[in-house]
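# Quick one: sequence and predicted model below, then my questions.
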Amino acid sequence: MKLYYREVGDPSATPLLIVHGIFGSSDNWLTISKTIAEQGYRVILPDQRNHGQSPRSDDFSYAHLADDIHELIQDLKLDKPILVGHSMGGKTMMQYVMQYPGTFQALVVVDIAPKFYPVHHSDILRGLAAIDLATIRTRNDADDILSAYEPSPTVRQFLLKNLYREMVNGTSQFAWRLNLPVISREIHGVGEELTGTHPVTEPTLFIRGERSPYILDSDWPAIQRLFPNARLVSIADAGHWVQAEQPAAFVDALMGFLNE
């Protein structure tokens with residue numbers, strides 16, 4: 001699948017791909033990518049399938065998501081890029097390096113482990129489904145509906161960035177940049193465990209938020225079996241959205257790893 005993507009930085013610089021998580025898009029990483037690009041990187045920000053401006057598909061597994069990244073790397077003729085992924089995007093990148101060994105320089109996984117996670121987005125999906133796009137007039141209307149399912153204004157703001165207006169028969173109306181039916185149907189697969197038959201030996205960094213429950217100390221032995229050259233950095237005063245909550249500390253951790 002041909003993914004929509006954005007680019008920031010010098011086209012001749014070292015390529016660095018960043019993949020967003022569930023309900024996200026390349027837009028979520030645009031601000032911080034400019035800071036990363038200033039350190040001498042060509043930052044490429046794809047929208048994963050069924051998200052943002054990339055195509056929609058009934059096929060939505062990590063194998064398919066990894067294939068999409070491989071196709072993008074081939075199309076852009078990238079030579080062993082650095083791979084960064086957050087949450088679901090982190091699992092996409094872990095799947096990619098297991099499917100396509102030897103095609104990347106280093107891996108950075110942000111606040112996700114390869115383990116199984118039970119479904120924990122059910123309320124969000126119900127809230128998004130409750131928004132009648134044909135009747136709402138403003139984003140505030142959508143926010144009022146979603147607030148019954150998601151109490152955090154910050155999370156609601158993030159989710160509602162997926163709303164946009166399109167022209168239908170000469171009339172402007174809201175639409176989603178998410179393929180909600182497929183994401184809802186396949187949400188169990190988003191939490192599936194990733195397994196590999198051969199360890200990934202390239203340099204790997206796991207970054208977690210100190211307040212996030214996604215990577216526990218008890219997860220580290222299993223992570224190291226798959227990624228024996230991995231190291232772990234914890235970012236203070238950060239939850240799951242490490243790069244948004246502590247952007248300077250995130251960039252410092254990333255650059256410290258890449259500069260070694």
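Great, that's in hand.

# how does this protein divide into domains?
Here the domain parsing of the chain from automatic domain parsing is 5-117+191-258, 122-177.

# Which strands or helices does the host helix or strand of Met167 pack on?
According to DSSP states H and E, Met167 maps onto strand 163-168. When contacts are defined as 3 or more CB pairs under 8 Å, 6 or more residues apart in numbering; DSSP states H and E, strand 163-168 sits against strand 171-176. Just so you know, the C-beta spots here come from the backbone N, C-alpha and C atoms, and that holds for glycine as well.

# switch the cut-off to 10 Å
For strand 163-168, the packing partners by 3 or more CB pairs under 10 Å, 6 or more residues apart in numbering; DSSP states H and E come out as helix 139-146, strand 171-176.

# Quickly run through the sheet partners of that strand, with directions.
strand 171-176 (antiparallel) (DSSP bridges).

# Which parts of the strand it pairs with count as buried, going by neighbours?
By neighbour count, and taking 16 or more other CB atoms under 10 Å as the criterion, the buried residues in strand 171-176 are Phe174.

# got the CA positions of it in PDB?
Below are the C-alpha coordinates for strand 171-176, written out as PDB (Å, rounded to 0.1, in the frame of the first residue of the first chain):
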ATOM      1  CA  THR A 171     -22.500  20.800   1.300                       C
ATOM      2  CA  SER A 172     -19.600  20.800   3.800                       C
ATOM      3  CA  GLN A 173     -19.900  18.100   6.400                       C
ATOM      4  CA  PHE A 174     -17.600  16.400   8.900                       C
ATOM      5  CA  ALA A 175     -15.900  13.100   8.100                       C
ATOM      6  CA  TRP A 176     -13.300  10.900   9.900                       C
END
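
# in the following helix or strand past it, what counts as buried?
Toward the C-terminus, strand 171-176 is succeeded by helix 180-185 as the next helix or strand (DSSP H and E). Taking 16+ other CB under 10 Å as the basis for neighbour counts, the residues of helix 180-185 that come out buried are 182-183.

# on that earlier part again, among the domains of the chain, which gets the worst mean confidence?
For the domains of the chain, mean pLDDT drops lowest on domain 122-177, to a mean of 93.

# what distance separates the start and the end of that one?
Across its full length, domain 122-177 reaches 19 Å between end residues, using CA to CA, to the nearest Å.

# so how far is it from its chain's centroid?
For domain 122-177, the distance between its averaged C-alpha position and the chain's averaged C-alpha position is 20 Å (CA atoms, centre = their mean, to the nearest Å).

# what do you get for stretch 117-124?
Stretch 117-124 has its C-alpha centroid displaced from the chain centroid by 16 Å (CA atoms, centre = their mean).

# Contacts made by that stretch with the rest, please.
Residues from elsewhere that reach stretch 117-124 (CB atoms under 10 Å, 6 or more residues apart in numbering): 22-23, 87-88, 91, 125, 127-128, 146, 148-151, 155-156, 159, 183-184, 187-193, 213-214.
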